[in-house]
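Novice: pasting the sequence and the predicted coordinates here, then a few questions.
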Amino acid sequence: MLGYIIRRILAVIPVMAIVAVFVFLLLRLTPGDPAAILAGDMATPEQLARIRESLGLTDPIHIQFINWVGRLLQGDLGTSLISNTPVMSMIGSRIWPTLQVGTLTIIISVLIAVPMGVIAAWRHRSWIDYAVMSFSVLGFSVPVFVIGYILIKIFSIELRWLPVQGYASPSDGIGAFFSRALLPCLTLATIYVALIARMTRASLLEVLGEDYVRTARAKGVKEKYVLFRHALRNAAVPIMTIIGTGFALLISGVVVTESVFNIPGIGRLTVDAILARDYPVIQAMILLTSAIYVFVNLLIDISYTFIDPRIRY
Amino acid sequence: MFIDKTFHRRWHNARTSVFAAALAAATALGAAAPAHADPDTITAVMHSGLRVLDPIITTAHITRNHGYMIYDVLIAEDENFEPQPQMADWEVSDDNLVYTFTLRDGLKFHDGAPVTAEDAVASLKRWGERDSGGQLIFDVTESLEATDEKTITWKLKEPFPPFLETVAKQSAVPPFIMPKRVAETPSSEPIKEYIGSGPFVFVEEEYQPGVSVTYEKFADYVPREEEASWMAGGKVVNVERVKWVTMPDAQTAINALVAGEIDYIEQPQFDLLPILQGSPDVTVEVRDTLGYQTMGRMNFKHPPFDNVKIRQAALMAMSQEDVLGTLVGNPEYYSVCGAIFGCGTPLGDETGAETLTSGGDIEGAKALLEEAGYDGTPVVLMQPTDVTTLTAQPVVTAQALREAGFKVDMQPMDWQTLVTRRASMSPPAEGGWNLFFTNWMVPEISSPIVNPMLNGRGDEAWFGWPDDPKLEELRAEFIAADSVEAQKEVAKRLQAYTLENVIYVPLGQYVPPQARRNTITGMLPSPVPVFWNVDKTE
């Protein structure tokens, strides 16, 4: 197992290298000039040229690339071309809201979706099953910002239970954190509940038709053990996969939700950086996102061995 | 199917417990929900996020506004467009060649150091490298020196009548005074220390670029005794803190204002105003009565707009009312105005804008286009899709041009692609362009000195690059004009010349209203949203 983990981590290096080269070149081919954004509307061509030079944008691309990689290998992600702030500190302050909202969303989603999926499968073709499936279709189909606005309208504007927007760190108080995080998490959870519930139901239905489930029931095993010990455990591999990739998706940036609820997370940071052609920030964010995906996939693969003893690396 | 009754009962119990827990949590959160803004802090949603902290390197309005929070200026423009003493009084020699500024007592930077004449000289020199008006002054400057701790002596080689107006300019790059060590940063590099002597202190540890910025009242700031008027007069701070937050979603900002979580929105979207107007706790009002001029600029380098007659035909096809009606909607917030220097300004005059202000003349444009021998060369029109105040102009104009017989190739792109592409002098088919639109705050275009579109120096000019010696002659005449009447006379000729030669197309003015909670009082009318004089009541 340890050997497998080390091999997987080592395999990340070429992946990240390819991502780095690709992203760097792609950004340089995209139209846009950070100097024009920095200088504003009134800058003359001569002033723009001077700013471009001071930002190092007039160097040949291969020199820019070597400089960037050189700094990257020393753990320096560079400095924002626009705000002149170290990229590391920008990401450092923006990743926590995203991580916290993402984690809470996944916890809420799993707590709701897995029982929903189990019950839907258990009561296959009953009204509960149809209700769960209808909710799933709705969860997929309604745009996330619409759900956000509806929840704001009900809980913030009409009932005045929760704030409309904003983010508070858990260090500001658990009440303040949850009161601000709850609506965005519920908004995001709508999609993930739909996704995980569907996957749980489908996997479980397949397993519930297996011989060993029939045997267990014939032996008089209690239904809860049939469902949760025999069936769900055997159906868990695809469910874990969907939860893991869902988490990676959440962490890599949920721009719309961050915008609707005014959460200063990395999704907004990435979009702002793209709009401003802030190359060092975009490059760092794409590398970070790739790393998150690779890491989450590794965790998912490792989790398989705990769920299914037949899987060995 | 075999069903275990015990399982059923437990499921029931579990469901009840979860429901009860959820209710309890909701109640607890309800009690914890703070929702309302801090009574000592004004929380404001500004028109954009602050990302650049150097008000000299950029012309971005949000950075200029930040500049007015933490820096002060030697002299400042009042609501009559007149320069007034701010950090300094001045004297002018009889031959109009020597300006002597004397710093007032009690001026301190936020680190406690006194403001000296050397700080001012270094700051003015850096400003002069970046600002177009400043560059004109430095072209005729013989020397600029600190002659003692409090005296700045500025000697000119030849008279520059609009000298004081230029030094007092409020936009886009005012000469903010910084400590000498900061002002010695090359003007092409951003400053790294943010210390001013203005009424607010920048709280660096709370700054998150593009997210939020916090200012605290500067306890040692000594306001002038005169009443505040635009950027001049006494900057009296009545609140402890001002926090600017960025809200990318316009609807969220509106909801937050109505719910009392924030106090102020600088520019709510026009289409969302009815929601705010329906709230008894919110006031919607116009603070900046001059507002913005929206305008179009053609590329003089390439066909078809290298031909003046074709430019005239395009202008003739355009209608301000159509553009403004689509852009703003509510006539309360826009006005048709053919003045290149803006209506409501000392130099505002509408000569030559008759077709623009009376709905356009498509038939006249068709005839002129035929007379000009237009060969069907497509007009590459750049359409920004991500700036709400620039989405209507390209669409409405493209339709008018097509009706007049132009072939229009409207290309959608984000604003940042547009600002890069407009710097390209290549032919439109090779990554260049023919026409784009932008907006200016009226004070930024209100005189030939500050109006960037009136530079006729070809490749050195603003995007579009008119190579027009006559335009330069007129600008020089304006600079040399030694009385208000003489300036107005030259400005009138510049107005006529600009529209006759279609140097650019003014498409009218609009005034974005602001929205504030009724607990916020004392906001001064001003083109720059300032936070001095403002009170927050419980």
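Specialist: Thanks, I have it.
Novice: please name the nearest non-neighbouring residue to residue 303.
Specialist: You didn't pick a chain, so chain A it is. Excluding the flanking residues, the one nearest A:Ser303 by Cβ to Cβ, 6 or more residues apart in numbering or on different chains is A:Met240, at 5.3 Å. C-betas here are computed from N, CA, C, even on glycine.
Novice: the intended chain is chain B.
Specialist: Distances taken as Cβ to Cβ, 6+ apart place B:Thr377 nearest to B:Pro303, at 4.8 Å, with adjacent residues excluded.
Novice: so who does the one you found touch?
Specialist: Contacts for B:Thr377 (Cβ atoms under 8 Å, 6 or more residues apart in numbering or on different chains) come out as B:303-304, B:407.
Novice: of the residues you listed - the most surrounded one?
Specialist: Per-residue neighbour counts (other Cβ atoms under 10 Å in any protein chain shown) across those peak at B:Pro304, which has 25 neighbours.
Novice: which helix or which strand is home to that residue?
Specialist: B:Pro304 is part of no helix or strand, with elements assigned from DSSP states H and E.
Novice: against B:Val505, how distant is it?
Specialist: Going from B:Pro304 to B:Val505 by Cβ to Cβ, to the nearest Å gives 15 Å.
Novice: could you do B:Leu327 as well?
Specialist: Taken as Cβ to Cβ, the span from B:Leu327 to B:Val505 is 14 Å.
Novice: higher neighbour count, those two?
Specialist: Taking neighbours as other Cβ under 10 Å, B:Leu327 and B:Val505 compare with B:Val505 leading, 27 against 24.
Novice: helix or strand: which one has the residue of the stretch 51-200 of chain A at minimum distance from chain B?
Specialist: Using Cβ to the nearest Cβ, the closest approach of the stretch 51-200 of chain A to chain B is made by A:Gly175 at 2.9 Å. In this assignment (DSSP H and E), A:Gly175 forms part of helix A:174-208.
Novice: just the buried positions in that helix, please.
Specialist: For helix A:174-208, the neighbour count (16 or more other Cβ atoms under 10 Å in any protein chain shown) marks A:175-205, A:207-208 as buried.
Novice: and for stretch B:70-85?
Specialist: Neighbour-count burial for stretch B:70-85, counted by 16+ other Cβ under 10 Å, picks out B:70-79, B:81, B:83-85.
Novice: which of those residues lies closest to B:Asp95?
Specialist: Set against B:Asp95, the nearest of these by Cβ to Cβ is B:Pro83 (19.4 Å).
Novice: so where is chain B shaky, pLDDT-wise?
Specialist: By pLDDT under 70, the low-scoring segments of chain B are B:1-37.
Novice: what's the domain layout of it?
Specialist: As assigned by automatic domain parsing, chain B contains the domains B:1-49+B:199-288+B:513-538, B:61-198, B:292-510.
Novice: which residue ranges of the stretch 1-150 of chain B form helices?
Specialist: Secondary structure of the stretch 1-150 of chain B by DSSP state H, counting those that start in this stretch: the helices cover B:5-32, B:61-70, B:117-130, B:132-139.
Novice: quick check: the farthest pair among the buried residues of stretch B:70-85?
Specialist: B:Ile70 and B:Phe81 (24.6 Å).
Novice: that older thread, just the buried residues of stretch B:70-85: which are in strands?
Specialist: For the buried residues of stretch B:70-85, membership in strands holds for B:75-77, B:83-85, with DSSP state E as the criterion.
Novice: and these near chain A, which?
Specialist: Subset of those in contact with chain A: empty, counting by Cβ under 8 Å from any Cβ of the partner chain.
Novice: most proximal residue of the stretch 201-350 of chain B with respect to chain A?
Specialist: B:Pro209 (3.6 Å).
Novice: now do the same contact list for the closest residue to that residue other than its chain neighbours.
Specialist: Nearest non-adjacent residue to B:Pro209, counting by Cβ to Cβ, 6+ apart: A:Ser83, 3.6 Å away. Counting by Cβ under 8 Å, 6+ apart, A:Ser83 makes contact with A:90, A:278, B:51-53, B:209-210.
Novice: mind doing that once more with 7 Å?
Specialist: Taking Cβ atoms under 7 Å, 6 or more residues apart in numbering or on different chains, we find A:Ser83 in contact with B:51-52, B:209.
Novice: mind checking how far it is from B:Asn96?
Specialist: Counting by Cβ to Cβ, the gap from A:Ser83 to B:Asn96 is 42 Å.
Novice: can I get the buried residues of stretch B:70-85 in JSON lines with distance to A:Lys153?
Specialist: Output for the buried residues of stretch B:70-85, formatted as JSON lines (distance: Cβ to Cβ, whole Å):
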{"residue": "B:Ile70", "distance to A:Lys153": "38"}
{"residue": "B:Tyr71", "distance to A:Lys153": "42"}
{"residue": "B:Asp72", "distance to A:Lys153": "45"}
{"residue": "B:Val73", "distance to A:Lys153": "45"}
{"residue": "B:Leu74", "distance to A:Lys153": "51"}
{"residue": "B:Ile75", "distance to A:Lys153": "50"}
{"residue": "B:Ala76", "distance to A:Lys153": "45"}
{"residue": "B:Glu77", "distance to A:Lys153": "44"}
{"residue": "B:Asp78", "distance to A:Lys153": "45"}
{"residue": "B:Glu79", "distance to A:Lys153": "41"}
{"residue": "B:Phe81", "distance to A:Lys153": "46"}
{"residue": "B:Pro83", "distance to A:Lys153": "50"}
{"residue": "B:Gln84", "distance to A:Lys153": "48"}
{"residue": "B:Pro85", "distance to A:Lys153": "52"}
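Novice: nearest to B:Val242, of those residues?
Specialist: The closest of the buried residues of stretch B:70-85, once distances to B:Val242 are taken by Cβ to Cβ, is B:Ile70, at 10.8 Å.
Novice: residue nearest the centroid of chain B?
Specialist: Geometric centre of chain B, nearest residue: B:His61, 4.1 Å, by Cα atoms, centre = their mean.
Novice: how about it, what does it touch?
Specialist: B:Met441.
Novice: do the same with B:Pro378
Specialist: B:407-409 are the contacts of B:Pro378 under Cβ under 7 Å, 6+ apart.
Novice: just want the phi and psi numbers for it.
Specialist: phi -70, psi 140 (degrees, to the nearest 10).
Novice: what's the spacing between the residue nearest to B:Pro303 and B:Gln269?
Specialist: With Cβ to Cβ as the criterion, B:Thr377 and B:Gln269 are 37 Å apart.
Novice: residue ranges with poor pLDDT in the stretch 1-150 of chain A?
Specialist: Those would be none, if you go by pLDDT under 70 across the stretch 1-150 of chain A.
Novice: so which bits of it are right by chain B?
Specialist: The stretch 1-150 of chain A comes close to chain B at residues A:31-33, A:36-48, A:50-51, A:54, A:80, A:82-85, A:90, A:93, A:149, as judged by Cβ under 7 Å from any Cβ of the partner chain.
Novice: list only buried entries from the residues you listed.
Specialist: For the residues of the stretch 1-150 of chain A next to chain B, buried by 16+ other Cβ under 10 Å: A:32-33, A:36-44, A:47-48, A:50-51, A:54, A:80, A:82-85, A:90, A:93, A:149.
Novice: inside helices: which ones of these?
Specialist: A:36-39, A:47-48, A:50-51, A:54, A:90, A:93, A:149 (DSSP state H).
Novice: reformat these as JSON lines; add distance to B:Ala146.
Specialist: Shown next, in JSON lines, are those (distance: Cβ to Cβ, whole Å):
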{"residue": "A:Ala36", "distance to B:Ala146": "35"}
{"residue": "A:Ile37", "distance to B:Ala146": "35"}
{"residue": "A:Leu38", "distance to B:Ala146": "30"}
{"residue": "A:Ala39", "distance to B:Ala146": "29"}
{"residue": "A:Gln47", "distance to B:Ala146": "27"}
{"residue": "A:Leu48", "distance to B:Ala146": "32"}
{"residue": "A:Arg50", "distance to B:Ala146": "27"}
{"residue": "A:Ile51", "distance to B:Ala146": "28"}
{"residue": "A:Ser54", "distance to B:Ala146": "27"}
{"residue": "A:Met90", "distance to B:Ala146": "39"}
{"residue": "A:Ser93", "distance to B:Ala146": "40"}
{"residue": "A:Tyr149", "distance to B:Ala146": "58"}
